[in-house]
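*Asks:* What follows is a predicted structure for the sequence shown.
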Amino acid sequence: MNESKSIDFIEFLLNDEVGTSVWNWVRKDQLSEYYFIPVVTESNCLTTDYSPMFLFKMKPGESWRLGERVQIQLKAGTLKYQGVVAVYLLFLFPGIDFIHEVWINHYTNLENTPSPLFKLQQMKQISLLLYESYEQPERVIKIANNLDWARLIADIQKASPWTDIQFDVAKTAAPPSNFLWNLKS
């Protein structure tokens, strides 16, 4: 695995604005509290020890101001736009006055980035990595995975594959996260 590419991704996240949220394949080192973001493995594939996790850029100190037992609300859905079925996840953290949104492109053309949907469907918990100033998360929160992934996957499988450019156009055309939050699932 190319460690410098992993650090580049985290540096990008840390240098982006507060509120940035994304998903990526991440591996937790079992012997320590370190998390690794893959770019390329030796066989050009992800190994089974990587899981999709959600990464959030927070203000310094904000991740701990959320309290001991954080009650995060999570909603998911699909946005259909010009043949693209984009999956969105919305995260509402207590005390933060906006909704974090993460988009998943099931048919991405990015090398070594398969869709996380089937893996997410099997997971009992979802990991949220909260970054503030350092290359490792300031805090990691696990929440119950109660989302209906089968419905999201079924919506996607009704559509033909799309390109990354088409996905970006669909995402840009999406209504604000407050509107998506209020849609019925």
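*Replies:* Here it is on my side, so go on.

*Asks:* OK, contacts around the residue lying closest to P116 once chain neighbours are set aside?
*Replies:* The spatial neighbour of P116 that comes closest, neighbours along the chain excluded (C-beta to C-beta, 6 or more residues apart in numbering), is P52 at 3.3 Å. Backbone N, C-alpha and C define where each C-beta goes, glycine included. Going by C-beta atoms under 8 Å, 6 or more residues apart in numbering, P52 touches W23, N24, W25, V26, P116, K119, L120, M123.

*Asks:* What pairs with the host helix or strand of P52, parallel or antiparallel?
*Replies:* For P52, the host element (DSSP states H and E) is strand 51-57. Applying DSSP bridges, strand 51-57 is found paired with strand 21-28 (antiparallel), strand 125-131 (parallel).

*Asks:* For these, which has the smallest mean pLDDT value?
*Replies:* Of all the strands paired with strand 51-57, mean pLDDT reaches its minimum on strand 21-28 (a mean of 89).

*Asks:* list the helices and strands the next helix or strand after that strand packs on?
*Replies:* Downstream of strand 21-28, the next assigned helix or strand under DSSP H and E is strand 35-36. Judged by 3 or more C-beta pairs under 8 Å, 6 or more residues apart in numbering; DSSP states H and E, strand 35-36 is in contact with strand 21-28.

*Asks:* State the number of residues packed around P176.
*Replies:* Using other C-beta atoms under 10 Å, P176 has 10 neighbouring residues.

*Asks:* Distance-wise, check it relative to P137.
*Replies:* Remark: distance between P176 and P137 (C-beta to C-beta, to the nearest Å) = 27 Å.

*Asks:* on that earlier part again, with respect to D168, which of the strands paired with strand 51-57 lies nearest?
*Replies:* With C-beta to C-beta as the criterion, D168 lies closest to strand 21-28 of the strands paired with strand 51-57, at 13.9 Å.

*Asks:* So which residues make contact with the closest one?
*Replies:* For strand 21-28, contacts defined as C-beta under 8 Å, 6+ apart pick out 9, 13, 34-38, 46-47, 49-57, 89, 91, 100-102, 104, 113, 116, 127, 129.
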